[in-house]
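Engineer: Kindly return the folded structure for what I paste below:
(2 chains)
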Amino acid sequence: MLDIKFIREQTDLIRAAASKKHLSFNVDDLVACDEKRLAILRAVEDLRAKQNAASEEVQKADAAARALLIESMKQVKDELKKKEEELETVMKEWRALMLAVPNIPDMTVPEGSSDADNVETHAWGEIKEYAFTPLDHIELMEKGDMVDFERGTKTSGFRGYFLKNDAAMLEMAIWQYVMQRWQAKGFTPMLVPSLVRRETLLGSGYLPQGEDDLYKDGNDYFAGTGEVATMYYHADEVLDDLSQPKKFIVWSPCFRKEAGSHGKDVKGLVRVHEFYKCEQVILCEASHETSVSLHEEIRRHAEEMLEELGIPYHTVINCGGDLGLGQVKKYDIEAWMPSQGKYRETHSASYFHDFQTRRLNIRYKDTEGKLRYAHSLNNTAAATPRLVTVIIENYQQADGTVKVPDVLVPFMNGKTVIGKAFRS
RNA sequence: GGAGGAGUGGCAGAGUGGUCGAUUGCACCUGUCUUGAAAACAGGAGUCUGGGCAACCGGACCGUGAGUUCGAAUCUCACCUCCUCCGCCA
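Structural biologist: Now for the predicted structure:
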């Protein structure tokens, strides 16, 4: 959500934002609606003022005058009721339009309509030449007794899976490694709810437009990311001090219907309905420079983790058409998948300015004691099992076993090789 | 799932139809006093929003949303949250 005053004054910027993000939003509709809203609001408030004044007089008046006054106020009451109904109608439209206003993308965001137009900023790591034909994670994991898709779908339906043995332990090792790694960088570790109320999703900007991708039961929703609950943690609060940003490293189960991507990644663990994610979430002071510098910081945290793990990756700036409604700028970090011969997204780092915090009403007192909306950012730390598939494919050996990345060995109880040898 | 109770300003806690945006206490800020501080005394402070260059003026906010009324913190209904007891349960 943006400030209505800002929207009124900067219609050109909003128009440009909508066009860069390839959204069909029309500011002029909102501005017209807002004018209507203010006119009616003024009428309503004038009537209320009249009512308040009369209410005071009623108390002082004698019986005869009082009866007369009350009689005349009945008309005001009816009039007010009519105006209030008008206002409610306009407000409904106004609120819906306000929720559809896109945030302004940063100047450095490239033009483009889809992820095909994202621009690589840099790549890291050498793409390994294998002396054998690299297998995909599905074959490696099935033959290594690390996954069971058949019983997974039997139990859970399409995209269901069981992780077993070394893969189960590897996944938990990753969580442990990640939570410790980020805690050491000053992030507050949290396990947060995945079962959340509708307001939380409106606040972080996943609703109203993302309804189709969410599992729900009445007003209870299953969050697609820990960001949702984490952002709501401080909702409706005034934080004393944001001179130091609040940084969270959050673990949570994540649920996504993956509506509209039924044809993509239909096999394997790259795209599943139920997974786990460690997420970086930050609240900071309302400064563009601070947001930008923290954005770079959380991007680097994730890149450095992939470097520690020895996974080749590249980073792209997402183009306008690939940005969400609230995002100012986004980097995707994509890890190399040997079986596919291409990079696949493992991380997504974005910042929002005060787009989310306005909806969530998260404010703080600045050094002058003025109340301001905080800024927010987030980036993946590790999404599993997707990251498991990346590790398994990149660390596969000729015999079908998988080497454990050095940094994970301590979290695997010293185990250095996982899976089973099934070829020579 | 069943039965009761409760939600008021930063906190505590009054207020049960009309100068109540709200008594009071604590905490907070500013004066007076003091070498300074404490104490005492006096005063001031909330948020959102409309108009105005501004001083200022108007509206809203007592868990949320509807309703009754000329008028609602106060009455009615629904919802949310918390507490107590019973039942069930990893």
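Engineer: Contacts made by stretch A:168-180 with the rest, please.
Structural biologist: A:146, A:163, A:189, A:249, A:251, A:276, A:278, A:305, A:381-382, A:384-385, A:387-388, A:391-392, A:404, A:407-408, A:411-413, A:415, A:418 (CB atoms under 8 Å, 6 or more residues apart in numbering). C-beta here means a position set from N, CA and C on the backbone, and glycine is covered the same way.
Engineer: Tell me which of those residues fall in strands.
Structural biologist: Of these, the ones assigned to strands by DSSP state E are A:163, A:189, A:249, A:251, A:276, A:278, A:381-382, A:384, A:418.
Engineer: ChimeraX command for the buried members of these?
Structural biologist: Here is the ChimeraX command that selects the buried residues among the ones in strands among the contacts of stretch A:168-180 (16 or more other CB atoms under 10 Å):
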select /A:163,249,251,276,278,381,382,384,418
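Engineer: Per-residue confidence at A:Ser72, what does it come out as?
Structural biologist: pLDDT, A:Ser72: 86.
Engineer: ok, how many other residues are close to it?
Structural biologist: 10 (other CB atoms under 10 Å).
Engineer: Could you grab the helix/strand/coil label for it?
Structural biologist: helix (DSSP: H, G, I helix; E, B strand; the rest coil).
Engineer: Look up the closest residue to whatever residue of the stretch 251-400 of chain A ends up closest to RNA strand B, ignoring the ones flanking it.
Structural biologist: When distances are taken as CB to the nearest atom of the strand, the stretch 251-400 of chain A reaches nearest to RNA strand B at A:Leu371, 4.3 Å away. Take A:Leu371 and drop its neighbours on the chain: the residue closest to it by CB to CB, 6 or more residues apart in numbering is A:Arg363, 4.9 Å away.
Engineer: Next: A:Lys185.
Structural biologist: Distances taken as CB to CB, 6+ apart put A:His301 closest to A:Lys185, at 6.6 Å, once the chain neighbours are dropped.
Engineer: what about A:Glu334, how many neighbours?
Structural biologist: A:Glu334 is flanked by 24 other residues according to other CB under 10 Å.
Engineer: oh, I was asking about A:Gln59
Structural biologist: A:Gln59: 7 surrounding residues under other CB under 10 Å.
Engineer: likewise A:Ala123?
Structural biologist: Neighbours around A:Ala123, by other CB under 10 Å: 15.
Engineer: The helix or strand hosting it pairs with which strands?
Structural biologist: Per DSSP states H and E, A:Ala123 falls inside strand A:119-124. Partners of strand A:119-124 in the sheet, by DSSP bridges, are strand A:313-317 (antiparallel).
Engineer: Give me the average confidence score over the strand holding A:Ala123.
Structural biologist: 97.
Engineer: where are the low-confidence patches of the stretch 151-300 of chain A?
Structural biologist: Along the stretch 151-300 of chain A, no part satisfies pLDDT under 70.
Engineer: residue boundaries of the helices in it?
Structural biologist: Remark: helices assigned in the stretch 151-300 of chain A by DSSP state H, counting those that start in this stretch are A:165-183, A:198-204, A:227-232, A:288-309.
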